[in-house]
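*Asks:* prediction below, plus the sequence it came from.
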Amino acid sequence: VHYYLDNIERKKHLNAYLEVYAAEALAKADEVDQKLAHGTAGRLAGMVLGLKDVLAYQGHSLQSSSKILTGFKSLFTATAVQRLLDEDAIIIGRQNCDEFAMGASNETSAFGPTLNEADPTRVPGGSSGGSAVAVQADLCLASIGSDTGGSVRQPAAFCGVIGLKPTYSRISRYGLIAYASSFDQIGPITRSVDDAALLLEIMAGADDYDSTASRREVPAYSQLLENESEQKYRIGYISDTLENEGLDSEIRETIQGAIQNLREDGHTVESVDFHYLDYIVPTYYILTTAEASSNLSRFDGVKYGYRSGEATDLLSMYKKSRAEGFGHEVQKRIMLGTFVLSADYYDAYYTKAQKVRRIIKEKTEELLEQFDFLIMPTSPTTAFPLGGNPTDPLAIYLADIFTVQASLAGVPAISVPVGADKQGLPIGMQILTKSFAETKLLAFSKSVT
Ligand code: GLN
C-alpha cells in the first residue's frame, strides 16, 4: 500500500484518481497482515485495487465523474466489489472516468482528463481512462472498470495493459451506475492475464440483487489457464476490419504481424466477410442513448447529489439541476435517446435498431460457431492528443467500431497489448469468443501475451 501511495503522490499530474483512501487502505493492510499470519487470509490478500467511479462502495463518495452527483455517498456496496473485499482485496481509491461512462478519451469527466503515461499530451482512452492509467503507471495492481461499448478494452489498448469485458450477465451489475443496462458489464484491467482470470472468477456468478446475472456455474478460470496452452485454434479475422480506411497503418501492420505469428504457432487464421460492419456503430448509439435517457432520469435534483440554487418551483428545479449538473456529452445523449424513444420516431429508430442488434448478434454468433476466436484491432488509432478529438461527433463515435460488436452481441472480448507504434504508443489486439467461453479466451490470451 505504501508503494502505491508513493506512486500516486509522485504521479498526481496524471489525474488518475479522484480520491485516495490512504488511511483506510493502510488499516486494511494491517488487518490482512494479521490474517496472513494466522493463515486465514482470502485469495486476494495483498492485492491493491482501484475502482472506477461508477462502482458503489458503502460510505464512499460516488459520482460517475459528474457534477450532478456532488456530495453523494453510496449506501451499499456493489456485489462485485463486496466479493473482492470478502477475499481481502484492498481498495486504494476511486478513479477518474468519462462522465457517466460516456466517452472514449476521459475528456468528458467533470474533473478534467486523465493523462496517458506513455505520452502525457495524449488521452488515456475511455471511459475507464483513470483505471487504465492507474495500472499502466503502477498506481494499483489492478483496476475494476465498466464496459458498455469498449470502455475497459479501448483504454487498456491505449495504455498497453489488459482489459476484459466478460460475457453480458457474467458479473452482477448491482451497484454499478447504469449507462445502458442491456450492455453494461464490469471488467478488470490488469497487467497479466492471470490477474484478470482471478478477478473475474471472484466477481462472477449469480446474485439475488441482479435478476439478469447468469446462474451458470463459475469455472475456476485462474486454475485453467495452462490447460489449453497447447491447443491449436481456428481463428477468424473480419477482412473489412483490416481494410478499414480509418485504420492507422502501423496498427494494421502490427495486427498482420500478430496473425503471422499465430500461423507460425500452428493456429489456422482465415479472413472472413461480415457485411454488417456499417450498422454496428449506429445501432449501438441508438440503443445505448435510449437506455441512458431512461436510466439517467433518476438524477433530478431531488434524490441524489446536486440541486440548483436558482430554482423557483419544482419544474425549474428539475430543469436547472439537470442543466447545471450534467455535462455537454451527457446532455447530448439524453436528448438523442429521448428523441429515438419518442412516440413518432420509436419504430423508425428504436424498434429498427433492436432488430438490427438481433441480426448482428446472430451473425456474430454464427462466426463464433465457425471459429474459436475472432481477432481485430481494439481501436483504429493509438492514443490521440488531448483536445485533439475531431469536432464531428460522428467521427468520434465511429472510433468505437471494433469494440461495440462484442457489446451488441453480448459475447466476451479482451484487449491484449501486442506492440507499440514508432512513437512508443501502445497497440492492442482484441479477441472475441462465444458467450461464457472465458476459460478458453483467457488461456489463449495468455499464450499470445
Ligand atoms: N465510447 C463508448 C461510448 O461512449 C463506450 C463507452 C463505454 O463502454 N462505457 O459509449
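*Replies:* The structure has been received and is ready for your questions.
*Asks:* residues near D184, how many?
*Replies:* Residues lying near D184 (other C-beta atoms under 10 Å) number 26. C-beta: built from backbone N, CA, C; applies to glycine.
*Asks:* equivalent analysis for H267, please.
*Replies:* Neighbour count of H267, defined by other C-beta under 10 Å: 19.
*Asks:* so it touches Y237, yeah?
*Replies:* No: with contacts counted by C-beta atoms under 8 Å, H267 stays clear of Y237, the gap being 11.7 Å.
*Asks:* OK, contacts around whatever residue of the stretch 201-350 of the chain ends up closest to the ligand?
*Replies:* Using C-beta to the nearest ligand atom, the single residue of the stretch 201-350 of the chain nearest to the ligand is T288, 5.7 Å away. For T288, the contacting residues are 148-149, 179-180, 183, 333, 337, by C-beta atoms under 8 Å, 6 or more residues apart in numbering.
*Asks:* possible to save those as a markdown table with neighbour count?
*Replies:* Output for those, formatted as a markdown table (neighbours: other C-beta atoms under 10 Å):
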| residue | neighbour count |
| --- | --- |
| T148 | 27 |
| G149 | 29 |
| Y179 | 27 |
| A180 | 24 |
| F183 | 24 |
| R333 | 24 |
| G337 | 25 |
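*Asks:* can I get those residues in a markdown table with pLDDT, secondary structure and distance to S109?
*Replies:* Output for the contacts of T288, formatted as a markdown table (pLDDT from 0 to 100; DSSP: H, G, I helix; E, B strand; the rest coil; distance: C-beta to C-beta, whole Å):
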| residue | pLDDT | secondary structure | distance to S109 |
| --- | --- | --- | --- |
| T148 | 98 | coil | 16 |
| G149 | 98 | coil | 17 |
| Y179 | 98 | coil | 14 |
| A180 | 98 | coil | 19 |
| F183 | 98 | coil | 20 |
| R333 | 97 | helix | 15 |
| G337 | 98 | helix | 20 |
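*Asks:* okay, those in CSV with distance to L224 next?
*Replies:* What follows is those, written out as CSV (distance: C-beta to C-beta, whole Å):
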residue, distance to L224
T148, 28
G149, 28
Y179, 31
A180, 31
F183, 27
R333, 39
G337, 40
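*Asks:* so which of the residues you listed are also by the ligand?
*Replies:* 148-149, 179 (C-beta under 6 Å from any ligand atom).
*Asks:* show me what contacts V1?
*Replies:* Neighbour list for V1: 25-26, 28-29, 48, 90, 92 [criterion: C-beta under 8 Å, 6+ apart].
*Asks:* next step: those restricted to strands.
*Replies:* Using DSSP state E, the members of the contacts of V1 that fall in strands are 48, 90, 92.
*Asks:* highest neighbour count among those?
*Replies:* When neighbours are counted by other C-beta under 10 Å, I92 leads those with 29 neighbours.
*Asks:* flag every residue of the stretch 151-300 of the chain that's near the ligand.
*Replies:* Counting by C-beta under 6 Å from any ligand atom, the stretch 151-300 of the chain comes close to the ligand at 151, 179, 288.
*Asks:* residues near the closest residue to the ligand within the stretch 51-200 of the chain, how many?
*Replies:* Per C-beta to the nearest ligand atom, the residue of the stretch 51-200 of the chain with the smallest distance to the ligand is S151, at 3.0 Å. By other C-beta under 10 Å, the residues close to S151 number 36.
*Asks:* surely the residue of the stretch 201-350 of the chain closest to the ligand is within a strand?
*Replies:* No: counting by DSSP: H, G, I helix; E, B strand; the rest coil, T288 is not found in a strand; it is helix.
*Asks:* quick check: pLDDT value at it.
*Replies:* On pLDDT, T288 comes in at 98.
*Asks:* same check, this time on D240
*Replies:* 89.
*Asks:* isn't it up against I280?
*Replies:* No: D240 is not in contact with I280 according to C-beta under 8 Å; the separation is 10.8 Å.
*Asks:* more neighbours, these two?
*Replies:* I280 (25 against 18).
*Asks:* CSV for the contacts of V1, including distance to the ligand and pLDDT?
*Replies:* Shown next, in CSV, are these (distance: C-beta to the nearest ligand atom, whole Å; pLDDT from 0 to 100):
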residue, distance to the ligand, pLDDT
A25, 27, 98
L26, 32, 98
K28, 29, 97
A29, 31, 98
V48, 24, 98
I90, 26, 98
I92, 22, 98
